[in-house]
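> What follows is a predicted protein model with its sequence.
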Amino acid sequence: QVQLVESGGGLVQAGGSLRLSCAASERTISNYNMGWFHQAPGKEREAVAVINRVGDFTYYADSVKGRFTVSRDNDKNTVYLQMNNLKTEDTGVYLCAASQVFLPELDQAFGFWGQGTQVTVSS
């Protein structure tokens, strides 16, 4: 069982930045591909960034390319999402998830989920 806890959300103006963190309880987080998902109000959850086990391959949704950066520190059991040039449409809950396969567009592949952290971007 992998427990994931997100932090770093908050209220920010459009154009601003936030850095989200996902702390994992599992000592062998390096066994998992890690993803960040965005749940916008009234919309389906979508993967915005996924990073493979060793951190040398990533996936980004088109909507965040060039603005968001996912990274991981396996020694600290932590995954990060640096969010720059935030837009109002980035508002929503951001969830961290772990998967043993690298299938970014299939959220059913992610077996472990955090509770999420709220990001609100004001205009």
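Okay, I see it.

> Please report phi then psi for the residue nearest the centre of the chain.
Taking CA atoms, centre = their mean as the criterion, residue 36 is the residue nearest the geometric centre of the chain, at 2.1 Å. Taking degrees, to the nearest 10, you get phi -110, psi 130 for the backbone angles of residue 36.

> Could you list the low-pLDDT ranges of this protein?
Scanning the chain for pLDDT under 70 picks out 26-27.

> rerun that using 80 as the cut-off
Within the chain, the ranges that satisfy pLDDT under 80 run 26-28.

> so the residue nearest to the centre of the chain makes contact with residue 49?
Yes: using CB atoms under 8 Å, residue 36 is in contact with residue 49, at 4.7 Å. All C-beta atoms are positioned from the backbone trio N, CA, C, and that covers glycine.

> Could you name every residue contacting both of the two?
68, 70, 81 (CB atoms under 8 Å, 6 or more residues apart in numbering).

> Whichever of those end up buried, select them in PyMOL.
Buried residues among these (16 or more other CB atoms under 10 Å), as a PyMOL selection:
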select buried, resi 68+70+81
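
> Tell me which of the shared contacts of residue 36 and residue 49 fall in helices.
Among those, none falls in helices (DSSP state H).

> Need the shared contacts of residue 36 and residue 49 in JSON lines (columns: distance to residue 121).
Below are the shared contacts of residue 36 and residue 49 laid out as JSON lines (distance: CB to CB, whole Å):
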{"residue": "68", "distance to residue 121": "13"}
{"residue": "70", "distance to residue 121": "19"}
{"residue": "81", "distance to residue 121": "14"}
